[in-house]
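K.L.:
Could you work out the structure for the sequence below:
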Amino acid sequence: MNRITYLLIFTAIMLCISCKTSKFVYLEDMPLDSTLTITFKQETHVKPGDRLAIHISCTKQELAIPFNALSYQVTQEGAASASDERDIEGYLVDDQGFINFPVLGRLHVGGLTTPQISKYIQGLLIEGKYIPDAVADTRITNFTIYGLGALAPGKIVVPDAKINILQAVSQMGDLQGRAKYEKVRIIREEDDQRMEFDIDMTTKDLYNSPAFYLQQNDIVYAEPKKRKNDTTNKATTWISILAVLASIAYSITYILK
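P.N.:
Numbering: from 1, shown residues only. Reported below is the predicted structural model:
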């Protein structure tokens, strides 16, 4: 009986050892205290479907009110009051890259960055002698990234329109052993084309990927590892059974002494 007990305990221990999982390390080939040259700088270019919040300011703020139509409401008495709700809606960029801006009319902003749009509108206001000291501020209000696969399904809205793949994964629940770390796919639509990029999260080479910095409406798909749930569950079940048998066998051995 003692031999059986030892055999069962030994088997349970071996199964536990065999079920150990290796730990995953991000950027495991990047030495500490090392530096890498940044080859890609994030520049978010405005695309059709983006919504832009554009705010005009100047010394005499009453001059800016007609150009801040989405930021102000005019009462029946003629007084202007700020309206944050309308500002959040923003100007929708149409399929041709245009927005309809108060007074200035139809403006083409597709393909420009938000600082370029601010400079463009600011120039129109000053050169057109609408506002001599106009200052424009532009931001994208619906910059969204989507997560699929082993990541927590859903979306994240990026207020400052700047995010990289590491930041996105951290906000989507991390990979945590559920995904293939060597193959995180970015699905992107740009200029009427659909592109896909695979990023290896284990190597510093991910910094050189054109998809390291994400763009609005990118889809991050973390491919799940092959299903091992059945095998894992079976192993866990057998370990439990063997542990119970070992306990029973030990009890019987102790009683029969």
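
K.L.:
same for the longest strand seen in the chain, what does it pack against?
P.N.:
The longest strand of the chain (DSSP state E) is strand 179-190. Strand 179-190 makes packing contacts with helix 165-171, strand 193-199, strand 219-224 when contacts are defined by 3 or more Cβ pairs under 8 Å, 6 or more residues apart in numbering; DSSP states H and E. C-beta: built from backbone N, CA, C; applies to glycine.

K.L.:
List the buried residues for the shortest one?
P.N.:
Residues of strand 219-224 classed as buried: 219-223 (neighbour count, 16 or more other Cβ atoms under 10 Å).

K.L.:
Likewise for stretch 62-70?
P.N.:
Buried-residue list, stretch 62-70, by 16+ other Cβ under 10 Å: 63-64, 67-70.

K.L.:
what distance separates that stretch from the centre of its chain?
P.N.:
Relative to its chain's centre, stretch 62-70 lies at 34 Å (Cα atoms, centre = their mean, to the nearest Å).

K.L.:
Quick one: end-to-end distance for it.
P.N.:
End-to-end distance of stretch 62-70 (Cα to Cα, to the nearest Å): 15 Å.

K.L.:
Stretch 27-43 now?
P.N.:
This stretch, stretch 27-43, spans 24 Å end to end (Cα to Cα).

K.L.:
And the buried residues of stretch 62-70, which is closest to N208?
P.N.:
L70 (39.7 Å; Cβ to Cβ).

K.L.:
so that closest one touches L92, yeah?
P.N.:
No. Here L70 does not reach L92: they are 10.8 Å apart, not a contact under Cβ atoms under 8 Å.

K.L.:
Point out the most buried one among the helices and strands packed on strand 179-190.
P.N.:
Ranked by mean neighbour count, the helices and strands packed on strand 179-190 are led by strand 219-224 with a mean of 19 (mean count of other Cβ atoms under 10 Å).

K.L.:
Show the average pLDDT along it.
P.N.:
Across strand 219-224, pLDDT averages out at 90.

K.L.:
Would you mind writing the CA trace of it as PDB?
P.N.:
The C-alpha coordinates for strand 219-224 follow below in PDB (Å, rounded to 0.1, in the frame of the first residue of the first chain):
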ATOM      1  CA  ILE A 219      -8.500  47.300 -35.300                       C
ATOM      2  CA  VAL A 220      -6.100  45.500 -33.000                       C
ATOM      3  CA  TYR A 221      -6.600  41.700 -33.300                       C
ATOM      4  CA  ALA A 222      -4.700  39.500 -30.800                       C
ATOM      5  CA  GLU A 223      -5.000  36.000 -32.200                       C
ATOM      6  CA  PRO A 224      -5.900  33.600 -29.400                       C
END
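
K.L.:
what's the angle between it and strand 179-190?
P.N.:
If you take axes from the mean of the first three to the mean of the last three Cα atoms, to 10 degrees, strand 219-224 sits at 160 degrees to strand 179-190.

K.L.:
from the chain's centre, how far out does strand 219-224 sit?
P.N.:
11 Å.

K.L.:
next one: stretch 209-229
P.N.:
10 Å.

K.L.:
Tell me where this protein has strands.
P.N.:
For the chain, strands defined by DSSP E occupy the ranges 51-57, 72-74, 80-82, 91-92, 98-101, 105-108, 135-140, 144-149, 154-157, 179-190, 193-199, 219-224.
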